[in-house]
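> fold the following.
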Amino acid sequence: MKQLHVLYHSLEQIIYKYNLKERDFDDSHCVSNLKSNISYLKNMDLLRFITAGSVDDGKSTLIGRLLYDTDSIKVDQLETILKQSKNKSEGEIDLALFTDGLRAEREQGITIDVAYKYFNTDKRKFIIADAPGHIQYTRNMVTGASNSDLIIILVDARQGVIEQTRRHSIIASLLAIPHVVVAVNKMDMVHYSEAVFNDIIADYTRMSEQLNIKNVTFIPMSALNGDNIVKPSSHTPWYTGETLLNLLETINISNDINHTDPRFAVQYVIRPQSDDLHDYRGYAGKVVSGVYKKGDLVTILPEGINSEIEAVEINGEEVEFAFAPQSAVIRLKHDIDVNRGNLIASRSNLPTVSQEIQAMICWMDTKPLIPGNKYLIQAHGKVVRCIVKEINYKLDVNTLVKHDNIEQAGLNDIVNVTIKTASPIAFDSYESLRANGGAILIDETAFTTVAGCMFQ
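Presented below is the predicted three-dimensional model:
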């Protein structure tokens with residue numbers, strides 16, 4: 001993907017340098033197809049990451065420091081924060097106020113909801129989710145982490161690896177977040193001790209091996225003082241690794257996208273039925289994973305109907321191919337019944353289709369989950385009724401012990417359940433294909449999300 005990015009950048013320069021038009025090519029769609037993919041690659045250079053840690057580990061201060069040191073804060077917002085900073089008489093800024101947006105959070109000095117912030121540098125765009133640190137807000141952390149490419153787990157250098165560190169690491173493992181950064185914060189409080197930093201690395205490494213967490217990077221820092229956040233710190237001459245910002249700007253996430261298992265989620269059926277497009281039938285949706293091109297042999301799921309791709313379109317133009325995570329329109333050769341919620345998959349590479357599903361879920365409702373309760377389950381655009389047949393076990397997120405004979409699950413519990421659906425669902429295991437391995441449970445009366453599901 002990196003090589004493709006360089007190639008498209010070079011071709012883009014050629015197009016605009018010589019003012020090339022569609023008429024200059026034998027293939028009339030060549031330039032439009034190229035421009036579409038250039039636009040996609042530019043927009044794809046976006047990193048979604050989440051911060052997590054125990055209360056007072058400095059998550060909000062870290063985000064505030066990133067925004068402040070990259071000049072991503074508007075002047076009027078900065079003036080407001082200056083007025084509200086507790087240390088304004090000393091000329092200091094309370095950086096945590098940039099993300100602690102709720103009144104209750106500012107009064108208590110904690111983060112309750114997931115606070116989203118957006119900023120960009122010359123190299124990349126970012127969406128940051130500042131997750132709650134309190135145990136009772138675990139569901140909020142799961143929500144923020146579900147779409148993240150990377151997680152920053154803060155560890156207080158004075159406390160080391162604690163219960164909440166383990167809890168958030170387990171959630172990162174369950175959600176299969178591809179990249180983990182362990183930010184050892186408040187190094188100024190331990191006199192920037194290399195020995196303390198190395199001890200935390202050793203403790204966390206033992207835990208990460210147990211959880212099968214890979215791609216872990218450790219950074220010593222002080223969010224309050226800005227050490228190793230944007231610029232290298234003179235206080236840690238023994239640390240030769242990257243600063244946090246440099247890591248975020250350069251980490252390769254293109255390899256995290258699955259381009260080998262074609263899955264296309266149908267969102268909308270396009271039938272103009274106009275004089276010009278009387279017989280047109282296109283299926284708009286998202287390429288969840290894989291690559292789709294004209295001539296591909298596909299199967300429509302869960303019905304299991306076979307067909308062949310007649311054309312692939314992006315932005316109203318026919319293109320040679322579409323790949324994850326692009327949005328596109330697929331036209332099929334055969335006139336078959338395809339609806340919102342159907343999955344178009346490669347005929348030679350099919351997901352599981354079943355009405356009985358085993359899943360790990362994080363329970364997010366104040367009302368308990370009791371076996372026999374009925375809900376709606378939504379996977380992409382498909383929504384069907386279901387029943388939770390049984391709770392197989394509850395996972396202790398502190399010890400990883402599986403507790404059997406569980407009669408019900410409460411708020412923030414992580415449990416393994418068996419779900420029976422009213423009609424079949426096409427899915428992959430969350431571990432093998434994250435993009436097609438998740439769903440949500442919905443209360444069918446209140447229409448509130450009560451659980452996030454990871455298919456096994």
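> domain assignment for the chain?
Split into domains by automatic domain parsing, the chain comes to 46-255, 257-350, 352-455.
> ok now the longest one, how far from the chain's centre?
In this case it means domain 46-255. Relative to its parent chain, domain 46-255 has a centroid offset of 16 Å by CA atoms, centre = their mean, to the nearest Å.
> can you give me the end-to-end span of it?
14 Å (CA to CA, to the nearest Å).
> same thing with the last one?
In terms of CA to CA, the two terminal residues of domain 352-455 are separated by 10 Å.
> that one: how far from the chain's middle?
19 Å.
> hang on, the earlier thing: check the domains of the chain for me: which has the lowest mean pLDDT.
In terms of mean pLDDT, the lowest-scoring of the domains of the chain is domain 46-255 (a mean of 80).
> just confirm Ile305 contacts Ile336, I think it does.
Yes - Ile305 is in contact with Ile336 according to CB atoms under 8 Å; the separation is 5.4 Å. (Glycine included, C-beta is placed from N, CA and C.)
> dump the residue contacts of Lys382.
Contacts for Lys382 (CB atoms under 8 Å, 6 or more residues apart in numbering) come out as Arg340, Gly341, Asn342, Leu343, Ile425.
> bridging residues for it?
Per DSSP bridges, the residues bridged to Lys382 are Ala379.
> quick revisit: hmm, which two among the contacts of Lys382 are most spread apart?
Using CB to CB, the two most remote members of those are Arg340 and Ile425, lying 14.0 Å apart.
> more neighbours, those two?
Neighbour count, other CB atoms under 10 Å: between Arg340 and Ile425, Ile425 has more, with 27 against 16.
> host element of the more buried one?
Here Ile425, judged by DSSP states H and E, is contained in strand 414-427.
> mind listing what's buried in that strand?
Ile414, Val415, Asn416, Val417, Thr418, Ile419, Thr421, Pro424, Ile425, Ala426, Phe427 (16 or more other CB atoms under 10 Å).
> which parts of this protein are helices?
Assigned by DSSP state H, the helices in the chain fall at 2-17, 30-44, 59-69, 75-84, 103-108, 138-145, 163-174, 194-211, 244-250.
> okay, the third one in CSV with CA atoms only?
Extracted in CSV, the C-alpha atoms of helix 59-69 (Å, rounded to 0.1, in the frame of the first residue of the first chain):
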residue,chain,number,x,y,z
LYS,A,59,-4.8,10.9,29.6
SER,A,60,-6.5,14.2,29.1
THR,A,61,-3.3,16.1,29.9
LEU,A,62,-1.5,14.0,27.2
ILE,A,63,-4.1,14.9,24.6
GLY,A,64,-4.1,18.5,25.6
ARG,A,65,-0.3,18.5,25.2
LEU,A,66,-0.5,17.0,21.8
LEU,A,67,-3.0,19.6,20.7
TYR,A,68,-1.2,22.5,22.3
ASP,A,69,2.3,21.6,21.0
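> could you say what helices and strands that helix packs with?
Counting contacts by 3 or more CB pairs under 8 Å, 6 or more residues apart in numbering; DSSP states H and E, helix 59-69 is packed against strand 46-53, strand 115-120, strand 125-130, strand 150-156, helix 244-250.
> closest one to Val312 among the ones you listed?
Among the helices and strands packed on helix 59-69, the nearest to Val312 by CB to CB is strand 46-53 (23.3 Å).
> tell me the angle that closest one makes with helix 59-69.
For strand 46-53 against helix 59-69, the angle by axes from the mean of the first three to the mean of the last three CA atoms, to 10 degrees is 140 degrees.
> give me the contact list for strand 46-53.
59, 62-63, 124-131, 133, 141, 144-145, 147-156, 164-165, 168, 171-172, 177, 185, 248, 251, 253.
> so what strands line up beside it?
With DSSP bridges as the test, strand 46-53 pairs up with strand 125-130 (parallel), strand 150-156 (parallel).
> just the CA atoms of the last one, as PDB, please.
This file holds the C-alpha atoms of strand 150-156, laid out as PDB (Å, rounded to 0.1, in the frame of the first residue of the first chain):
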ATOM      1  CA  LEU A 150      -4.000   2.200  17.900                       C
ATOM      2  CA  ILE A 151      -4.300   2.400  21.700                       C
ATOM      3  CA  ILE A 152      -2.200   4.500  24.000                       C
ATOM      4  CA  ILE A 153      -2.300   2.900  27.500                       C
ATOM      5  CA  LEU A 154      -1.000   5.300  30.100                       C
ATOM      6  CA  VAL A 155       0.900   3.900  33.100                       C
ATOM      7  CA  ASP A 156       1.800   6.100  36.000                       C
END
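> tilt between that strand and helix 163-174?
Using the same axes, to 10 degrees: strand 150-156 against helix 163-174 is 170 degrees.
> residues near Glu390, how many?
Residues near Glu390, counting by other CB under 10 Å: 12.
> give me every residue that touches the residue nearest the centre of the chain.
Centroid-nearest residue in the chain, with CA atoms, centre = their mean: Asn147, separated by 1.6 Å. Going by CB under 8 Å, 6+ apart, Asn147 touches Arg48.
> quick check: it vs Gln210, distance?
26 Å (CB to CB, to the nearest Å).
> now Val266
Val266 is 40 Å from Gln210, by CB to CB.
> between the two, who's got more neighbours?
Ranked by neighbour count (other CB under 10 Å), Val266 and Gln210 place Val266 first, with 21 against 13.
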